[in-house]
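> What would the 3D arrangement of this be:
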Amino acid sequence: MAKIGSGTVVTGLTLGAMAAVAALAVQAKGTEHRAAPASPPPPAAGASARPGATARPQPPALPAASGSGRRVVYSLRADRVWLVDPAKKPQVVRTFRVQPSTVDPAPGSYRVYSRTPATTGSDGRPIEHVMLFDRVPGTVVGFSAAVDNTTPKPSPGLRTGGVRGTRRDVAALWDFAPLNSRVVVVP
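Next up is the predicted model:
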């Protein structure tokens with residue numbers, strides 16, 4: 001009987017192990033399409049955990065160059081308002097979209113100089129919670145809500161300064177920003 005050297009045994013075992021690994025790899029590749037689907041990621045904070053519910057998109061972050069301290073921030077580009085109070089956690093108390101007027105204020109820092117509970121807007125619509133913060137030649141600029149709770153685009157032919165929000169959002173703004181409150185307008 002012939003003797004088998006130890007090198008031959010090791011080579012044989014190595015080849016056998018490699019063949020077994022290759023066979024398992026082929027088998028795994030063949031069953032890849034039958035694997036259980038990955039579980040969905042956990043819902044984001046504040047998102048509904050109900051199956052089939054759509055996640056609510058997160059509002060844009062507070063603009064970086066919006067100043068400091070308690071303030072109302074109005075972004076001309078985003079058509080959005082943030083109510084900011086650094087004493088609260090989180091410091092953005094509320095944020096909401098607005099319908100801009102036909103006249104924009106220049107970026108800068110302003111103060112609420114007039115508050116009127118209800119009146120008629122320059123577009124002839126009944127409005128409420130009017131807070132004026134800027135004067136542009138021939139027009140005053142401020143936040144308000146239409147009493148009928150609509151926020152249509154203003155007629156391009158009218159020169160208006162009313163930045164409109166929903167009644168609910170502007171009521172929160174009214175409560176947040178008394179006379180002399182700071183309004184920071186960013187591009």
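> Do I have it right that residue 167 meets residue 149?
Yes - counting by C-beta atoms under 8 Å, residue 149 is a contact partner of residue 167 at 4.9 Å. C-beta coordinates here come from the backbone N, C-alpha and C atoms, glycine included.
> Settle it for me: which of those two has more neighbours?
Shown here are residue 167 and residue 149; by other C-beta atoms under 10 Å, residue 167 has more neighbours (18 against 12).
> just the helices in this structure please.
If DSSP state H is used as the criterion, the helices of the chain fall at 6-31, 167-176.
> Give me the pLDDT value at the residue nearest the centre of the chain.
Ranked by distance to the mean C-alpha position of the chain (C-alpha atoms, centre = their mean), the top residue is residue 59 at 1.0 Å. Note for residue 59: predicted pLDDT of 79.
> how much space between it and residue 124?
As defined by C-beta to C-beta, to the nearest Å, residue 59 lies at a distance of 32 Å from residue 124.
> so what's residue 91 closest to, chain neighbours aside?
In space, and not counting its chain neighbours, residue 91 is closest to residue 84: 5.6 Å by C-beta to C-beta, 6 or more residues apart in numbering.
> How many neighbouring residues does that neighbour have?
As a burial measure, residue 84 scores 24 neighbours (other C-beta under 10 Å).
> Check the one 5 residues further on too.
Residue crowding around residue 89 was assessed by other C-beta under 10 Å; the count is 6.
> do residue 75 as well
Residues within reach of residue 75, counting by other C-beta under 10 Å, total 20.
> can I assume residue 141 is in contact with residue 135?
Yes - using C-beta under 8 Å, residue 141 is in contact with residue 135, at 7.3 Å.
> Between these two, which is the more surrounded one?
Using other C-beta under 10 Å as the criterion, residue 141 and residue 135 rank with residue 141 on top: 23 against 14.
> Could you pull up the contacting residues of residue 61?
With contact set as C-beta atoms under 8 Å, 6 or more residues apart in numbering, residue 61 has no partners.
> quick one: it from residue 81, how far?
Here residue 61 is placed at a distance of 14 Å from residue 81 (C-beta to C-beta).
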